[in-house]
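Asker: got a predicted model here, sequence first, then my questions.
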2 protein chains.
Amino acid sequence: MTPSPAETRPPARAATIYEVARLAGVSHQTVSRYMADRSKLKASTSEKVERAMAELNYSPNLTARSLRTKAAYRLLALVPGSSPYFPSRMLNGAAATARKAGYHLDVVALEGAGPERTERLRRILDGGPFAGALSFVPISGTDLLQAQERIPVVVAGEYDDKMRGQGRISDGSAAQAIVEHLAGLGHRRIAHIAGPQEWPAARNRLAVYRKAVHDAGLEDGGVAEAEWSAASGYAAGQILLAKPSFTAIFAANDHLAIGAIRALHDHGLRVPADISVVGWDDHPESAFLVPSLTTVHMDLEAQGSRAMEQLLAALNPGRAPAPEPGPPGMRLVLRESSGPAPSPGQAD
Amino acid sequence: MTPSPAETRPPARAATIYEVARLAGVSHQTVSRYMADRSKLKASTSEKVERAMAELNYSPNLTARSLRTKAAYRLLALVPGSSPYFPSRMLNGAAATARKAGYHLDVVALEGAGPERTERLRRILDGGPFAGALSFVPISGTDLLQAQERIPVVVAGEYDDKMRGQGRISDGSAAQAIVEHLAGLGHRRIAHIAGPQEWPAARNRLAVYRKAVHDAGLEDGGVAEAEWSAASGYAAGQILLAKPSFTAIFAANDHLAIGAIRALHDHGLRVPADISVVGWDDHPESAFLVPSLTTVHMDLEAQGSRAMEQLLAALNPGRAPAPEPGPPGMRLVLRESSGPAPSPGQAD
DNA sequence: CACAATTATGTGATCGATAACATCGTGCGT
DNA sequence: ACGCACGATGTTATCGATCACATAATTGTG
């Protein structure tokens, strides 16, 4: 992909509110009022303004408005800089909700670690003004406090400190469904490849897995922690296979599951005949792998939208969050990679 | 991922240049000069200003600056709204280059088609001011012209109109390497699953594939066009398999290749024993599939950075583009999915 | 020492849109 | 007929940082 030289024609100078006012034969304040609430204008005045704006292809200078009103029209979404891909649909959901509330959503990657990360975050915020920020990446406590001195920040996926009465621990509940599904297939030991524990999603999946295993009276299948990648899933699979006492693996996301399947393959193990594998995320291509992957489907757009609703609620304490859109937006999708536990003779 | 309620402490009011000036005991213009070029200040004055700024944790209000200078400090990157993943690494490359040039890069998804897409683009641009835009998605001619009436726009991946002397048709050349690799393995008919042809990347890969097949004197293996997804690759694989006259498939990206491998599997065909498959993009998980995928590795960060250099060159006609960072950033990575063509008896 | 040039700093205006305050016209009630 | 209230519109000030012009201080030269 070699980009083309742009046509370097100088852009047209944007029309100002004074030019619209002159053309319409009204004051600039009337034009401003038209934009704010046209019902407050006489119909004839309103038409004159509308025509002048159309003729000049006028759009308001939002920085000027922002400066005067001290209200920012942009929201910030922070995404991981280090992972190769981030699900667009989650961002699309967040962006659509932001747009409905009248905001523009700007997506910026937050990279680095330690002081470098702190500085990077500061510089991102300097590029404001932002009305608020929605972070899809973990933010350390001190970074979060510093950011919140400037603007409201919501870290998607974090729970409030009380952890109680949260009927909506939706993120973990599907891990229970996984454990129950595998137990129903006869699996007594289920290993877990967990994501990096600074991520709430990884922590919550691990916590619910542990509880579900305990509640179902299953034996310890082992846990290995990994980064969010197939390579890391492969390495974790190798670690787990050093003690192959499990007949199923629950991987914290689909990429981890891909890596685990590869590790099993390299050990001459068949999926799911010898060991079942379950992922999370239901990437579009997961249905087409060989074997196709049993996984947790998330309505990513709804998740993104819900996260944005929380930020909007924080921006406007009087604003009622939009009603929950229905079911939790997660379901276990059964495919080829999970099947009955092998009989004891076959496991050896 | 249920987001947490934000701590709703009201953000501190940002310090203004007048407050810094008063604290430092100088005029506001001296503070401005300090920021513009501190060498023009006496050392003692410079120190006073620096101390006051640090004490007040001052950062300039960029919208006020932008309004006065009429120079935008933000660049826009347009990414696809419809594809499942957000191309983080390419954007990281672009963002780092933008940052070095003193710009903030805001990433926005461009969705929709036809008039809806045009309107969406207009609204995105209304959220400016942007100094320029770098698009990683196709933009129709009229949309592009309209955007360029406002700001310089570079569409990554498009070639200039002359298409000549472009020694750097780097995007297509790897398709030649693929065809040569497969021909070297004895494949006489190589099918191609092409991406959507409004994308320059898809067009270019198809064009170079055709030329390379012709130059190598190979027979027609068939072409099927698809969207950028595994599902679409699966469907295209089915179409190609209605006339199974090929022994290899070159898929325009890795997701297409995954779908194709699945289609072959469902037809009882083995990869690569019966049919070889080659992808493009080298997603990190591609090395861990079963079979691991032969694919084209692209240095996505370098590609993004190069695209941004082109936009910066368009913004500043006197600016020399940064030197090319070395090799083209693409190479064919051989893995398990490609192998020798089956002997004629085995192909049936 | 005086004058001119240069360096350093200060005062006021400006950018585009909205907030704040002012003015005009009309309709209604007494 | 007159006064008051309300709707509609206009004039002026403001937001924060830089531009433009003005003033003060210092340095160099004859």
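Answerer: Received the coordinates, thanks.

Asker: so where's the stretch 1-150 of chain A uncertain?
Answerer: A:1-12, A:84-85 (pLDDT under 70).

Asker: interface residues of it facing DNA strand D?
Answerer: With Cβ under 7 Å from any atom of the strand as the criterion, the stretch 1-150 of chain A meets DNA strand D at residues A:25-30, A:33, A:40-42, A:44-45, A:64, A:67-68, A:70. Where C-beta positions appear, they are placed from N, C-alpha and C, glycine not excepted.

Asker: would you mind giving me the ChimeraX syntax to select the buried ones in those?
Answerer: Buried subset of these, written as a ChimeraX selection, criterion 16 or more other Cβ atoms under 10 Å in any protein chain shown:
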select /A:26,30,33,41,45,64,67
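
Asker: ok, which of the residues of the stretch 1-150 of chain A next to DNA strand D also contact chain B?
Answerer: Among those, the ones lying near chain B by Cβ under 8 Å from any Cβ of the partner chain are A:A64, A:L67.

Asker: the stretch 101-250 of chain A: helices as residue ranges?
Answerer: Secondary structure of the stretch 101-250 of chain A (DSSP state H, counting those that start in this stretch): helices at A:114-126, A:141-148, A:170-184, A:200-215, A:230-241.

Asker: I'd like the ones you listed as TSV, with distance to chain B appended.
Answerer: Shown next, in TSV, are the helices of the stretch 101-250 of chain A (distance: least, Cβ to the nearest Cβ, whole Å):
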stretch	distance to chain B
helix A:114-126	5
helix A:141-148	6
helix A:170-184	5
helix A:200-215	6
helix A:230-241	4
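
Asker: minimum distance to DNA strand C: which of these has it?
Answerer: Closest of those to DNA strand C is helix A:114-126, at 19.2 Å (criterion: Cβ to the nearest atom of the strand).

Asker: tell me the most buried of the helices of the stretch 101-250 of chain A?
Answerer: The highest average neighbour count among those, using mean count of other Cβ atoms under 10 Å in any protein chain shown, belongs to helix A:230-241 at a mean of 23.

Asker: same list (the helices of the stretch 101-250 of chain A) but as CSV, adding distance to DNA strand C.
Answerer: Converted to CSV, the helices of the stretch 101-250 of chain A look like this (distance: least, Cβ to the nearest atom of the strand, whole Å):
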stretch, distance to DNA strand C
helix A:114-126, 19
helix A:141-148, 25
helix A:170-184, 39
helix A:200-215, 38
helix A:230-241, 49
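
Asker: tell me the contacts of A:D281?
Answerer: Going by Cβ atoms under 8 Å, 6 or more residues apart in numbering or on different chains, A:D281 touches A:P87, A:N253, A:D254, A:T295, A:V296, A:M298.

Asker: quick one, grab the pLDDT at A:S343.
Answerer: pLDDT recorded at A:S343 is 80.

Asker: hmm, I was thinking of A:L332
Answerer: Here, the pLDDT recorded for A:L332 equals 94.

Asker: where does the stretch 151-300 of chain A dip in pLDDT?
Answerer: Applying pLDDT under 70 to the stretch 151-300 of chain A flags the ranges A:157-171.

Asker: what about 80?
Answerer: Confidence mapping of the stretch 151-300 of chain A against pLDDT under 80 gives the ranges A:157-172, A:244.

Asker: hang on, the earlier thing: the helices of the stretch 101-250 of chain A into a markdown table, with extra columns for distance to A:L312?
Answerer: Converted to a markdown table, the helices of the stretch 101-250 of chain A look like this (distance: least, Cβ to Cβ, whole Å):
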| stretch | distance to A:L312 |
| --- | --- |
| helix A:114-126 | 19 |
| helix A:141-148 | 16 |
| helix A:170-184 | 19 |
| helix A:200-215 | 20 |
| helix A:230-241 | 35 |
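
Asker: how about the residues of chain A near DNA strand C?
Answerer: With Cβ under 7 Å from any atom of the strand as the criterion, chain A meets DNA strand C at residues A:16-18, A:28-29, A:31-32, A:35-36, A:60-61, A:64-65, A:67-69.

Asker: B:H181: which of the residues you listed is nearest?
Answerer: Set against B:H181, the nearest of the residues of chain A next to DNA strand C by Cβ to Cβ is A:N61 (54.7 Å).

Asker: so how far is B:L62 from that closest one?
Answerer: Look at A:N61 and B:L62: by Cβ to Cβ, to the nearest Å, they are 14 Å apart.

Asker: can you give me the strands in chain A?
Answerer: Assigned by DSSP state E, chain A shows strands spanning A:74-80, A:85-87, A:104-110, A:132-135, A:153-155, A:189-194, A:219-225, A:248-251, A:276-278, A:295-298, A:330-333.

Asker: now the last one: buried residues?
Answerer: Spelled out, that is strand A:330-333. Neighbour-count burial for strand A:330-333 flags A:M330, A:L332, A:V333 (criterion: 16+ other Cβ under 10 Å).

Asker: and chain A, what are its domains?
Answerer: According to automatic domain parsing, chain A comprises the domains A:17-60, A:71-155, A:170-298.

Asker: find the residue closest to A:G102 in space, skipping its chain neighbours.
Answerer: Computed as Cβ to Cβ, 6 or more residues apart in numbering or on different chains, the closest residue to A:G102 that is not its neighbour in sequence is A:Y73, at 7.2 Å.

Asker: compute the number of surrounding residues for that neighbour.
Answerer: 17 (other Cβ atoms under 10 Å in any protein chain shown).

Asker: list the contacts for the residue nearest to A:G222 when sequence neighbours are not counted?
Answerer: Spatially, and ignoring its direct neighbours in sequence, A:G222 is nearest to A:A191 (4.6 Å; Cβ to Cβ, 6+ apart). Applying Cβ under 8 Å, 6+ apart to A:A191 gives the contacts A:G221, A:G222, A:V223, A:A224, A:L240, A:F246, A:A248, A:I249, A:F250.
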